[in-house]
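Undergrad: take a look and give me a structure for this.
(one chain, ligands or ions: 1)
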Amino acid sequence: MPENLQEIMDRAGVYRFGIVDPKDVDFSETVRGYCEENLCRQYGKTWACPPAVGTVSECRERAQSYGNMLVFSGKFDLEDSLDFEGMGAAMVEFKNISQRLDDEVKPYLSDYLLLSNEGCGKCESCTYPDNPCRFPEKLHGSIEGYGIFVNELAAKAGMGYNNGENTVTFFGALLY
Ligand code: SF4
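TA: This is a model prediction of the structure:
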């Protein structure tokens, strides 16, 4: 990765970041079980989520084929803890941050994998499962869908999971 990492993160709009060894990350069937409960209503809806991303073992293997995992976050203000509209807008903005980070690192990395938070949302209607993804080069698998407890990952990376009252923080990861 380039030396100007902080500048890259700032340009992408990343709040905090930290680097962990993917081999130290737990890929959990328990988290996958939460996906299957489908409370987020994304399970089986896009190429970015289970079951399309593969089994937890396949996700672990894919992630651990890289030597580094740069965990990044986006922090957003809410009007109050029931500001669902604000949370939805924050989720969209975090996707934009993830895409900007992808665009920023592309010139430096020949092989990498970028995970974002739940779902995809790039297209009005996803092609899953009938046709291939329209934008495979911009497809960011769901970090939760990979079986990762994001709060544990944040702690491992030395990052805050909760960042103040009336805020929400989302997490993604760049494997390289
Ligand atoms: S980019 Fe479009 S087709 Fe691909 S997973 Fe996302 S919504 Fe589906």
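Undergrad: shaky segments in this protein?
TA: The chain contains residues with pLDDT under 70 at 2.
Undergrad: output the longest helix belonging to it.
TA: helix 84-105 (DSSP state H).
Undergrad: centre of the chain to it, how far?
TA: Chain-centre distance of helix 84-105: 10 Å, with C-alpha atoms, centre = their mean, to the nearest Å.
Undergrad: contact partners for the residue sitting nearest the centre point of the chain?
TA: Centroid check for the chain by C-alpha atoms, centre = their mean gives Ser116 as the closest residue, at 1.9 Å. By C-beta atoms under 8 Å, 6 or more residues apart in numbering, the contact list for Ser116 reads Ala48, Phe94, Lys95, Ser98, His140, Gly141, Ser142, Ile143, Gly172. Bear in mind the C-beta positions are built from the backbone N, C-alpha and C, glycine included.
Undergrad: so which elements touch the longest helix of the chain?
TA: Under the contact criterion of 3 or more C-beta pairs under 8 Å, 6 or more residues apart in numbering; DSSP states H and E, helix 84-105 touches helix 5-12, strand 69-77, strand 113-116, strand 167-175.
Undergrad: one more time with 6 Å, if that's ok
TA: helix 5-12, strand 69-77, strand 167-175 (3 or more C-beta pairs under 6 Å, 6 or more residues apart in numbering; DSSP states H and E).
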